[in-house]
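Asker: The sequence and its predicted three-dimensional model are supplied below.
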Amino acid sequence: MTLLIRFIRLILFLVLVSATVASSPGPLVAANFVATNAYLAANSTLGRTLAGGQANMTIDVVEPGALYVERLNQLDLRIGKVVRYGRPRSTINLDLYNVLNSDAIRTINNAYASWIGPGYRPTGVLLARFFKISGTFDF
């Protein structure tokens, strides 16, 4: 029994474990409508074309800062084993990224025309769960 306990202690000794938790707000939703001179002449009370020879202007349909996409919650883990042989030492690491496999939206298309249908259109999402194996050698 003591031999088994010594073996377990030897395996668990010098095991490095770390985690990173990130929780950040999602991107701001800004429904931008591009109004041309022709549209403004027909649908506004301005009664003239835009000043400065502008061909169009961008109008915010949603009040800035009023609507955000869901939060990004991400958990990353690293497990490393320190291996010593004489004076030098090595570390073998296994990094796990996005452990919870979140599919949070990172960027969206803010053009109002893209809102036709179910809502805003994502243009980028968080990468799926993946891992990396690495090592270091210290002498």
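Answerer: Cool, got the structure. Numbering: from 1, shown residues only.
Asker: ok, Ser102 to Val34 distance?
Answerer: For Ser102, the distance to Val34 (C-beta to C-beta, to the nearest Å) stands at 33 Å. The C-beta positions use only the backbone N, C-alpha and C, and glycine is treated the same way.
Asker: Of the two, give the one with the bigger neighbour count.
Answerer: With neighbours defined as other C-beta atoms under 10 Å, Ser102 and Val34 compare such that Ser102 has more, 18 against 13.
Asker: which ones are touching the nearest residue to Phe137 once chain neighbours are set aside?
Answerer: In space, and not counting its chain neighbours, Phe137 is closest to Ser90: 5.0 Å by C-beta to C-beta, 6 or more residues apart in numbering. Ser90 makes contact with Val82, Val83, Arg84, Gly135, Thr136, Phe137, Asp138, according to C-beta atoms under 8 Å, 6 or more residues apart in numbering.
Asker: hang on, isn't the fifth one packed against Thr91?
Answerer: Yes. Under the contact definition of C-beta atoms under 8 Å, Thr136 touches Thr91, with a separation of 4.7 Å.
Asker: Past the helix ranked longest in the chain, which element shows up next along the chain?
Answerer: The longest helix of the chain (DSSP state H) is helix 2-12. With elements assigned by DSSP states H and E, the helix or strand that comes after helix 2-12 is strand 15-24.
Asker: domains for this structure, by residue range?
Answerer: Domains of the chain are assigned by automatic domain parsing as 2-27+71-109+116-138, 30-67.
Asker: in the protein, which spans are helices?
Answerer: Under DSSP H, the chain gives helices at 2-12, 37-43.
Asker: any chance of the ones you listed in a markdown table, plus mean pLDDT?
Answerer: Below are the helices of the chain laid out as a markdown table (pLDDT from 0 to 100):
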| stretch | mean pLDDT |
| --- | --- |
| helix 2-12 | 72 |
| helix 37-43 | 81 |
